[in-house]
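Engineer: Just need the structure, nothing else, for what follows:
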Amino acid sequence: MIGNKIVCVVLPAYNAARTLKATLDQIDRSIADEIIVVDDGSTDATRELVRQFGLKYAFHENNYGYGGNQKTCYTLALATRADIIVMLHPDYQYEPRLLPALAGMVSSGIYDVAIASRILGHGALRGGMPLYKYVANRFLTLVQNIFIGQKLSEYHSGYRAFTRKVLETLPLAANSDNFIFDNQMLVQCHYWNFKIAEISCPTKYFADASSINFFRSLRYGFGTLAVSLAYRTARIGLWTPDYLNPATTGRHKLSIDLIEQRVGDTNILYNKNPLDLQL
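Structural biologist: I've put the predicted structure just below:
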């Protein structure tokens with residue numbers, strides 16, 4: 001809890017057996033009232049470790065993708081009493097000890113969203129980010145800032161905090177199930193006029209940290225450009241995708257029906273009513 005606000009930390013996991021414990025060990029449990037791990041069809045020992053650690057969990061029957069994992073994470077988080085939801089990759093690439101700072105930015109009431117940026121400061125390259133990824137990050141961020149009128153240092157961080165209102169408002173079910181989900185979500189936050197803050201976060205690139213390869217990075221890069229163009233076409237009224245359309249938001253909000261088709265094993269009890277779960 002921070003500032004009398006209840007905090008739920010969600011960890012979208014995929015083959016995180018080698019880094020999960022290190023991540024969990026540095027999460028401040030006086031801040032994190034709930035921790036939920038959603039495993040997206042890992043083929044390593046991630047699920048056994050989650051059970052061993054006694055965490056709240058939901059295991060996907062199949063691999064639904066990074067965005068699909070987050071949809072389950074946020075649906076379960078909304079079902080708690082949480083006022084603040086923090087998404088942290090369990091690959092130990094980001095600094096878990098920054099949880100109080102990240103959650104504090106949102107609990108202040110000044111911001112609705114807070115991002116842990118690898119680009120602010122000099123941590124990215126020092127932490128081992130490949131040069132081509134750094135250059136691509138800077139280029140794509142510049143283009144997106146121009147297209148959508150923001151001034152963020154990056155749109156690609158896997159460490160973020162949101163108010164409950166953000167997750168209840170955005171049509172997140174309309175987003176991609178793939179890596180572009182993160183990018184779409186930040187553009188949605190801007191489109192719905194939520195206030196976004198950033199803090200500096202060191203990064204660690206090492207063999208066990210998750211990272212997409214060059215070709216998937218290339219596909220992701222073109223995807224971010226498509227999201228930027230979609231934002232522009234929506235703003236001028238030319239064409240609006242569902243994930244940026246306030247008129248269809250009600251049809252694309254997160255619900256138990258969406259994740260129930262994906263979750264094969266969980267220790268979280270819930271019924272059919274949307275977002276009515278017991279943790």
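Engineer: Tell me where the stretch 51-200 of the chain has helices.
Structural biologist: 66-78, 99-107, 123-126, 131-148, 164-169, 180-191 (DSSP state H, counting those that start in this stretch).
Engineer: tell me the angle the first one makes with helix 180-191.
Structural biologist: Relative orientation of helix 66-78 with respect to helix 180-191: 60 degrees, computed using axes from the mean of the first three to the mean of the last three C-alpha atoms, to 10 degrees.
Engineer: what comes up buried for helix 66-78?
Structural biologist: Buried residues in helix 66-78, counted by 16 or more other C-beta atoms under 10 Å: 66-78. C-beta: built from backbone N, CA, C; applies to glycine.
Engineer: try the fifth one
Structural biologist: Residues 164, 166-167, 169 are the ones in helix 164-169 that count as buried (16+ other C-beta under 10 Å).
Engineer: any idea which element Val38 lies in?
Structural biologist: strand 34-39 (DSSP states H and E).
Engineer: List the strands paired with that strand, with their directions.
Structural biologist: The strands that strand 34-39 pairs with in its sheet are strand 7-13 (parallel), strand 56-60 (parallel) (by DSSP bridges).
Engineer: Relative to Pro96, which of these is closest?
Structural biologist: Nearest of the strands paired with strand 34-39 to Pro96, taken as C-beta to C-beta: strand 7-13 at 8.8 Å.
Engineer: could I have the closest one exported to CSV, CA atoms only?
Structural biologist: The C-alpha trace of strand 7-13 is given here as CSV (Å, rounded to 0.1, in the frame of the first residue of the first chain):
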residue,chain,number,x,y,z
VAL,A,7,-1.3,-1.8,-5.0
CYS,A,8,-1.5,-4.9,-7.2
VAL,A,9,1.6,-6.1,-9.1
VAL,A,10,1.0,-8.3,-12.2
LEU,A,11,3.8,-10.3,-13.8
PRO,A,12,3.2,-11.5,-17.4
ALA,A,13,5.4,-14.6,-17.5
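Engineer: ok, back up a step: nearest approach to Arg29 belongs to which of the helices of the stretch 51-200 of the chain?
Structural biologist: helix 99-107 (9.9 Å).
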